[in-house]
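Trainee: what would the 3D arrangement of this be:
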Amino acid sequence: DSSLLETHVGYEGELGEDASWYIQGGPAFGFEADEENTQMFSGKVGASVDLSEDLTGYGEVSALSADDWDASDLSLGVKAGLPYRF
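Mentor: Here you go, the predicted model:
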């Protein structure tokens, strides 16, 4: 019953030969059924590292402001994973 559109601009870089990082952020727009649309700010920072030829580890921290752009009402998220390529 709701959707979130994040419009990010970011930057990425290398951390040695086997790792990389990124940071991105920008306005986000919330669309909810039967409610007024909201404008927020969202951002993410993350990194990944090649653990072997077929295995990568990654992590990300994300933040989403409330619709009044108040930093004291941030929603935070953490993501981590180990993708394996066959």
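
Trainee: got phi/psi on the closest residue to Tyr11 other than its chain neighbours?
Mentor: Counting by Cβ to Cβ, 6 or more residues apart in numbering, Ile23 is the residue found nearest to Tyr11 once chain neighbours are left out, at 5.8 Å. For the C-beta atoms, the positions are set from N, CA and C on the backbone; glycine is no exception. Dihedral pair for Ile23: phi -140, psi 140, per degrees, to the nearest 10.

Trainee: contacting residues around Ile23?
Mentor: Going by Cβ atoms under 8 Å, 6 or more residues apart in numbering, Ile23 touches 10-12, 43-45.

Trainee: you'd agree Phe31 is up against Asp1?
Mentor: No. At 9.7 Å, Phe31 does not count as touching Asp1 under the criterion of Cβ atoms under 8 Å.

Trainee: which of these two has more neighbours?
Mentor: Phe31 (13 against 7; other Cβ atoms under 10 Å).

Trainee: so which residues of this protein form strands?
Mentor: 2-6, 9-14, 19-32, 38-50, 56-64, 75-81 (DSSP state E).

Trainee: any chance of these in JSON lines with mean pLDDT as columns?
Mentor: Listed next are the strands of the chain as JSON lines, based on pLDDT from 0 to 100:
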{"stretch": "strand 2-6", "mean pLDDT": "89"}
{"stretch": "strand 9-14", "mean pLDDT": "97"}
{"stretch": "strand 19-32", "mean pLDDT": "93"}
{"stretch": "strand 38-50", "mean pLDDT": "93"}
{"stretch": "strand 56-64", "mean pLDDT": "96"}
{"stretch": "strand 75-81", "mean pLDDT": "95"}
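
Trainee: beta partners for the spatially closest residue to Gly10 that is not a sequence neighbour?
Mentor: Of all residues not flanking Gly10 in the chain, Gln24 sits nearest, at 2.8 Å (Cβ to Cβ, 6+ apart). Per DSSP bridges, residues listed as beta-bridge partners of Gln24: Gly10, Lys44.

Trainee: all further residue positions should be reported with the first residue as 277.
Mentor: Done: numbering now begins at 277, and the last item shifts to Gln300.

Trainee: before I go, just wanted to say thanks for your time.
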